[in-house]
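A.B. asks: Generate coordinates for the sequence data below:
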Amino acid sequence: MEITVVKNEKDYVEIELKGEEPGFANALVEILLEDSDVEFASFRQDHPQAASPIIMLRTKDGNALHTLKTAIKKLKKQAEEFKDAVKDAKKPKK
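C.D. replies: Reported below is the predicted structural model:
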């Protein structure tokens, strides 16, 4: 995945996720919206087949890029937990 920072201000950031599907962007936005410091989080994709998703994030007081990084860590942890749950589910029951 290639990430391009489109806009980076103290309380606002836009990043383009080149080559990524909108499902990843949607999952990240859902986690961002759980943060009480997030004023606005969404993504857009100019064309469903030809464009990459662009995540837009505005925070109330904090550093938007830091908030984004924190959300990415949380998403990674959730993905690891899901992976472990799938492994456990595949084990035969005794």
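A.B. asks: There's contact between residue 7 and residue 13 in this structure, I believe.
C.D. replies: Yes: the pair residue 7 / residue 13 is scored as a contact, 6.5 Å apart, by Cβ atoms under 8 Å. In short, each C-beta sits where N, CA and C put it, glycine included.
A.B. asks: Show me where this protein has its strands.
C.D. replies: Ranges of strands in the chain, per DSSP state E, are 2-8, 12-18, 38-44, 54-59.
A.B. asks: tell me the contacts of residue 43?
C.D. replies: 22, 25, 26, 28, 29, 53, 54, 55, 56 (Cβ atoms under 8 Å, 6 or more residues apart in numbering).
A.B. asks: can you redo these as a markdown table with distance to residue 36 and neighbour count?
C.D. replies: Below are those laid out as a markdown table (distance: Cβ to Cβ, whole Å; neighbours: other Cβ atoms under 10 Å):
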| residue | distance to residue 36 | neighbour count |
| --- | --- | --- |
| 22 | 25 | 16 |
| 25 | 21 | 21 |
| 26 | 20 | 13 |
| 28 | 17 | 23 |
| 29 | 15 | 19 |
| 53 | 24 | 21 |
| 54 | 24 | 19 |
| 55 | 19 | 24 |
| 56 | 18 | 18 |
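A.B. asks: who's in contact with the residue positioned nearest the centre of the chain?
C.D. replies: The residue lying closest to the centre of the chain (Cα atoms, centre = their mean) is residue 28, at 2.3 Å. By Cβ under 8 Å, 6+ apart, the contact list for residue 28 reads 43, 55, 71, 72, 75.
A.B. asks: Point out where this protein drops to low pLDDT.
C.D. replies: 91, 93-94 (pLDDT under 70).
A.B. asks: quick one: the helices in the protein?
C.D. replies: For the chain, the helices defined by DSSP state H occupy 22-33, 64-90.
A.B. asks: Out of those helices, which is closest to residue 2?
C.D. replies: helix 22-33 (13.0 Å; Cβ to Cβ).
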